[in-house]
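Student: give me a model of this one.
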Amino acid sequence: MSLPVKPIRTVQSLKGRVYQHLRDALAEMDIYSGEQAPRLDERKLAESLGVSRTPVREAISRLEQAGLVKHYPRRGTFVVRKSKAEILEIIYAWASIESMAARLATLRASDEELSGLREMLGPVADTDGRAPIDEYSRTNIRFHQAIVSLAKSPLLTDLADGLFVHMRAIRTRTIQDDDRAQRSVIDHARIIRAIEQRQTETAESLVRDHALRLAEHVERNVEYLE
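Tutor: Okay, here's the model as predicted:
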């Protein structure tokens with residue numbers, strides 16, 4: 001599986017842009033499919049991005065420092081895949097961060113900013129029916145990112161950013177299991193109402209419980225992380 005990247009059109013802040021391109025591409029990958037973790041090919045990535053290998057090599061080094069990839073001598077560099085125990089710890093940490101973000105959002109965000117959550121989900125924000133799964137998965141990810149952003153806390157944003165790649169991967173895989181999409185729509189509708197009405201304690205509790213239900217599902221049903 002190759003990393004899906006596109007050419008970089010500008011040389012401004014090239015090192016940073018290459019790193020962000022690669023990190024964004026990692027976030028879009030289904031890193032838990034297949035028997036082996038995806039391998040990064042430095043030469044092919046440089047060609048795809050339209051840059052030299054030096055900024056790609058530096059970006060990969062930063063990705064390794066961030067714990068997203070790992071280099072093995074004589075084998076190459078591979079995307080890091082977490083064990084079930086590690087994924088559960090990531091979800092627990094995310095539950096703490098996002099629930100506090102929801103609490104702060106009710107205190108810090110404007111009414112207009114809060115209304116953006118409902119607009120983001122569109123019609124599914126007002127229904128208990130089934131979500132269109134193909135469209136909903138990406139919206140689901142943006143919804144949780146938006147809650148963190150509404151907290152207006154740079155520290156919480158940085159902490160969440162460090163967990164995001166694996167949270168996105170596991171949410172994307174599990175949203176298709178059983179009736180999780182339908183239940184997610186219902187949870188999101190309740191979360192939106194609580195945040196819009198600035199029900200601080202309720203919003204914090206609903207967001208935390210929503211994440212913990214994901215942990216319960218992973219614990220019981222996800223076997224490809226064993």
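Student: buried set for the helix or strand of the chain with the lowest mean pLDDT?
Tutor: The helix or strand of the chain with the lowest confidence, counting by mean pLDDT, DSSP states H and E, is helix 133-150 at a mean of 86. Under the neighbour-count criterion of 16 or more other Cβ atoms under 10 Å, helix 133-150 has 136-137, 139-141, 143-150 buried. In this view, the C-beta of every residue, glycine as well, is placed from N, C-alpha and C.
Student: most centrally placed residue in the protein?
Tutor: residue 168 (3.1 Å; Cα atoms, centre = their mean).
Student: distance from the chain centre to the host helix or strand of it, please.
Tutor: Residue 168 is part of helix 154-174, with elements assigned from DSSP states H and E. Mean-position distance between helix 154-174 and its chain equals 4 Å (Cα atoms, centre = their mean, to the nearest Å).
Student: packing partners for it?
Tutor: Where contact means 3 or more Cβ pairs under 8 Å, 6 or more residues apart in numbering; DSSP states H and E, helix 154-174 is packed against helix 14-28, helix 84-108, helix 133-150, helix 200-221.
Student: let's see it at 10 Å
Tutor: Here helix 154-174 is seen to pack against helix 14-28, helix 84-108, helix 133-150, helix 180-196, helix 200-221 when contacts are counted using 3 or more Cβ pairs under 10 Å, 6 or more residues apart in numbering; DSSP states H and E.
Student: of all those helices, which one is nearest residue 118?
Tutor: In terms of Cβ to Cβ, the element of these nearest to residue 118 is helix 180-196, at 5.4 Å.
Student: for the closest one, packing partners?
Tutor: helix 84-108, helix 111-121, helix 133-150, helix 154-174, helix 200-221.
Student: so what does the longest one touch, helix or strand wise?
Tutor: Same thing as helix 84-108. Packed next to helix 84-108, using 3+ Cβ pairs under 10 Å, 6+ apart, are helix 111-121, helix 133-150, helix 154-174, helix 180-196, helix 200-221.
Student: mind running it again at 7 Å?
Tutor: With contacts defined as 3 or more Cβ pairs under 7 Å, 6 or more residues apart in numbering; DSSP states H and E, helix 84-108 has these neighbours: helix 133-150, helix 154-174, helix 180-196, helix 200-221.
Student: pick the most buried one from those helices.
Tutor: The highest mean neighbour count among the helices and strands packed on helix 84-108, using mean count of other Cβ atoms under 10 Å, belongs to helix 180-196: a mean of 20.
Student: may I have that one as CSV, with CA atoms only?
Tutor: The C-alpha coordinates for helix 180-196 follow below in CSV (Å, rounded to 0.1, in the frame of the first residue of the first chain):
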residue,chain,number,x,y,z
ARG,A,180,-22.6,2.0,15.3
ALA,A,181,-23.3,4.6,12.6
GLN,A,182,-26.9,4.9,13.7
ARG,A,183,-26.0,5.1,17.4
SER,A,184,-23.3,7.7,16.6
VAL,A,185,-25.9,9.9,14.9
ILE,A,186,-28.1,9.7,18.0
ASP,A,187,-25.2,10.5,20.3
HIS,A,188,-24.1,13.4,18.2
ALA,A,189,-27.6,14.9,18.2
ARG,A,190,-27.6,14.8,22.0
ILE,A,191,-24.1,16.2,22.2
ILE,A,192,-25.0,19.1,19.9
ARG,A,193,-28.1,20.0,21.9
ALA,A,194,-26.2,20.0,25.2
ILE,A,195,-23.4,22.1,23.8
GLU,A,196,-25.8,24.6,22.0
